[in-house]
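[1] just the structure for this:
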Amino acid sequence: MLHNPYISVLINAAGAILFIVLSSFALASLARFIAKLSGARRRKQENTFAGYLFASPWIVGFFIFVVVPMLFSLYWSFTDYRIASNVPAEWVGLDNYVKLITQDSGFRASIVNTLYLTVLGLPLQMGVALFLAVLLNQKTHGERIFRMAFYLPVVLGFNTAVLLCWRLMLNGGTGIINQLIRAVIKALPPLGYLERAIIFIQELVSAFFLGISNKSFTLFQKVWEAGFPAANRAPLWVESPLWSKMSVVLLIIWGCGTMMLIFLAGLNNIPKELHEAAEVDGASSWKRFWKISLPLITPYIFYNLVVGLISMLQIFEPIYVLYRDNQPLISSTISMVYYLWQSTFRQFEIGYGSAISWLILILILVVTLIQFWMQKRWVNYDLY
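    Numbering: from 1, shown residues only. Below you'll find the model as predicted:
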């Protein structure tokens with residue numbers, strides 16, 4: 001008898017639906033039974049049953065697709081489990097974690113690269129988002145069009161098609177980004193000195209971080225000895241290890257639309273009376289922003305900082321699409337999550353990859369707790 005794939009799909013779908021219905025009824029019945037044991041009235045029991053019946057599909061899905069995989073991952077992180085070897089997982093205790101922290105130079109390099117993207121990319125992203133929010137808060141003509149244009153990168157996201165377009169635009173020779181830079185410098189020649197200074201500083205910083213990753217500062221010394229770049233130099237976004245991380249930072253800045261809307265909501269919530277009183281007293285626009293707006297939007301800054309930092313520590317898509325087939329450059333951009341993907345799905349070291357994932361989780365938790373602990377020193381909730 002020939003196997004019919006359509007019938008197989010229908011059977012699997014029917015089985016999934018039946019499982020969801022049965023598990024939901026079972027969980028709701030258990031909740032009602034617990035409510036009955038606690039002495040709740042009949043109406044309370046029925047409300048408990050109805051509530052858990054509708055919430056059960058999410059609860060069951062969360063348990064199956066989040067909790068259970070996390071428990072398996074936690075167990076595998078203490079084992080030597082290589083899925084391609086057809087050998088059962090062997091318990092090794094803390095060996096994976098010790099190796100990651102003390103011996104794995106690749107993981108240390110991924111930490112340095114992620115640190116670079118976070119320290120440079122996140123402040124620039126937040127700064128550009130706040131700048132755009134302040135501009136959109138001026139209530140000018142075409143405001144909705146500008147909001148849509150600035151938020152469009154978030155809608156497009158870091159999908160493969162968009163990132164491949166960016167890869168073409170960032171080409172050092174024919175890419176539109178460098179062509180625009182050349183056109184601006186041709187129209188305003190004094191800006192050429194600023195561009196060369198930025199190139200020199202950027203390459204020095206990148207060479208320094210690469211030296212930390214490789215434990216060799218030869219490239220940093222070469223950049224320093226080469227001195228100020230020539231007038232015809234242009235950023236080599238996707239051709240040089242000195243610029244590969246900066247291209248990812250550029251994409252991070254490009255996707256600042258969500259932060260912009262959050263900042264804009266915070267600016268709109270500031271009472272207009274405060275700005276009007278300061279304006280009557282003769283305060284300039286800069287002083288009104290520095291003394292009134294900025295302190296009152298610190299809760300929004302804190303939210304964007306927490307969410308943005310978590311996102312930076314998990315960055316993966318831009319690096320994967322731009323550089324995964326470019327072996328000379330991938331080592332200069334590899335992030336912690338990319339290293340996790342590489343260990344798990346390329347080298348099939350499930351145990352080692354699980355240890356990386358739990359280290360990343362611990363790092364994110366520690367950084368987030370530190371942020372919440374420090375917020376009392378600078379976040380102002382007086383009006384909220």
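
[2] contacts only, for the nearest residue to Gly353 once chain neighbours are set aside.
    The shortest distance from Gly353 to any residue other than its chain neighbours is 3.2 Å, reached at Thr344 (Cβ to Cβ, 6 or more residues apart in numbering). To be clear about C-beta, it is placed using only N, CA and C from the backbone, and glycine gets the same treatment. Contacts for Thr344 (Cβ atoms under 8 Å, 6 or more residues apart in numbering) come out as 350, 352-354, 356.

[3] confidence score at Thr344?
    pLDDT for Thr344: 90.

[4] likewise for Phe228?
    So Phe228 comes in at 85 (pLDDT).

[5] how about Thr174, phi and psi?
    phi -110, psi 0 (degrees, to the nearest 10).

[6] pLDDT wise, what is it at?
    In this prediction Thr174 is given a pLDDT of 84.

[7] nearest to Phe208, of the contacts of Thr344?
    Distances from Phe208 to those, taken as Cβ to Cβ, are shortest for Ile356 (25.2 Å).

[8] helix or strand: which one has that closest one?
    helix 350-374 (DSSP states H and E).

[9] check the offset of that helix from the chain's centre.
    Averaging C-alpha positions (Cα atoms, centre = their mean, to the nearest Å) puts helix 350-374 14 Å from its chain's average.

[10] and what of stretch 254-264?
    Using Cα atoms, centre = their mean, the offset of stretch 254-264 from its chain centre is 14 Å.

[11] which helix is the longest one in the protein?
    Secondary structure of the chain per DSSP state H: the longest helix is helix 5-37.

[12] report all helices and strands that it contacts.
    Counting contacts by 3 or more Cβ pairs under 8 Å, 6 or more residues apart in numbering; DSSP states H and E, helix 5-37 packs against helix 42-62.

[13] contacts only, for Ser216.
    Per Cβ under 8 Å, 6+ apart, neighbours of Ser216: none.

[14] what do you get for the one 3 residues further on?
    Contact partners of Leu219, counting by Cβ under 8 Å, 6+ apart, are 207, 210-211, 241-242.

[15] is it within a helix or a strand, and which one?
    helix 218-226.

[16] for that helix, buried residues please.
    219-220, 223 (16 or more other Cβ atoms under 10 Å).

[17] dump those into TSV; add pLDDT and distance to Lys99 as well.
    Below are those laid out as TSV (pLDDT from 0 to 100; distance: Cβ to Cβ, whole Å):
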residue	pLDDT	distance to Lys99
Leu219	87	27
Phe220	89	28
Val223	88	33
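
[18] just those residues now: which is nearest Leu188?
    Of the buried residues of helix 218-226, the one sitting nearest to Leu188 (Cβ to Cβ) turns out to be Val223, at 26.4 Å.

[19] and the closest one, how far is that from Asn326?
    Here the criterion is Cβ to Cβ, to the nearest Å. By it, Val223 lies 21 Å from Asn326.

[20] Gly227 now?
    Per Cβ to Cβ, Gly227 is found 28 Å from Asn326.

[21] which one of those two has more residues nearby?
    Asn326 (14 against 8; other Cβ atoms under 10 Å).

[22] related to what we said a few turns ago, any idea how far the longest helix of the chain is from the chain center?
    With Cα atoms, centre = their mean, you get 35 Å for helix 5-37.

[23] kindly report the same for stretch 285-300.
    With Cα atoms, centre = their mean, you get 26 Å for stretch 285-300.

[24] cool, and stretch 80-89?
    Distance, stretch centre to chain centre, for stretch 80-89: 31 Å (Cα atoms, centre = their mean).

[25] same check on stretch 81-98?
    29 Å.

[26] what do you get for stretch 54-64?
    On the basis of Cα atoms, centre = their mean, stretch 54-64 sits 26 Å off its chain's mean C-alpha point.

[27] just for the chain, where's the confidence low?
    Low-confidence segments of the chain, defined by pLDDT under 70: 1-3, 383-384.

[28] centroid residue for it?
    Closest residue to the average C-alpha location of the chain: Ser311 at 2.3 Å, with Cα atoms, centre = their mean.

[29] which SSE is that residue in?
    helix 298-313.

[30] contacts for that helix?
    Under Cβ under 8 Å, 6+ apart, the answer for helix 298-313 is 114, 117-118, 121-122, 125-126, 129-130, 252, 259, 262-263, 265-266, 336-337, 360, 363-364, 367-368, 371-372, 375, 378-381, 384.

[31] ranges for the strands of this protein?
    79-80, 90-91 (DSSP state E).

[32] now the terminal residues of stretch 183-194, how far apart.
    With Cα to Cα, to the nearest Å as the measure, the ends of stretch 183-194 fall 15 Å from one another.

[33] figure out how far that stretch is from the centre of its chain.
    That offset, for stretch 183-194, works out to 34 Å (Cα atoms, centre = their mean).

[34] repeat that for stretch 324-339.
    Worked out by Cα atoms, centre = their mean, stretch 324-339 lies 16 Å from the chain centre.

[35] can you tell me what sits against that stretch?
    Taking Cβ under 8 Å, 6+ apart as the rule, stretch 324-339 contacts 106-107, 109-111, 113-114, 117, 206, 210, 213, 238-242, 244-245, 248, 313-316, 319-320, 322-323, 342, 356, 360, 363.

[36] tell me how this structure divides into domains.
    Annotated domains of the chain cover 5-76, 102-172+236-377 [automatic domain parsing].

[37] got a markdown table for the ones you listed, with distance to Tyr193 too?
    Listed next are the domains of the chain as a markdown table, based on distance: least, Cβ to Cβ, whole Å:
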| stretch | distance to Tyr193 |
| --- | --- |
| domain 5-76 | 52 |
| domain 102-172+236-377 | 19 |
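
[38] which of the ones you listed sits most buried?
    domain 102-172+236-377 (a mean of 17; mean count of other Cβ atoms under 10 Å).

[39] and the end-to-end length of that domain?
    Domain 102-172+236-377: ends 35 Å apart by Cα to Cα.

[40] what does stretch 266-274 give?
    Terminal-residue distance, stretch 266-274 (Cα to Cα): 14 Å.
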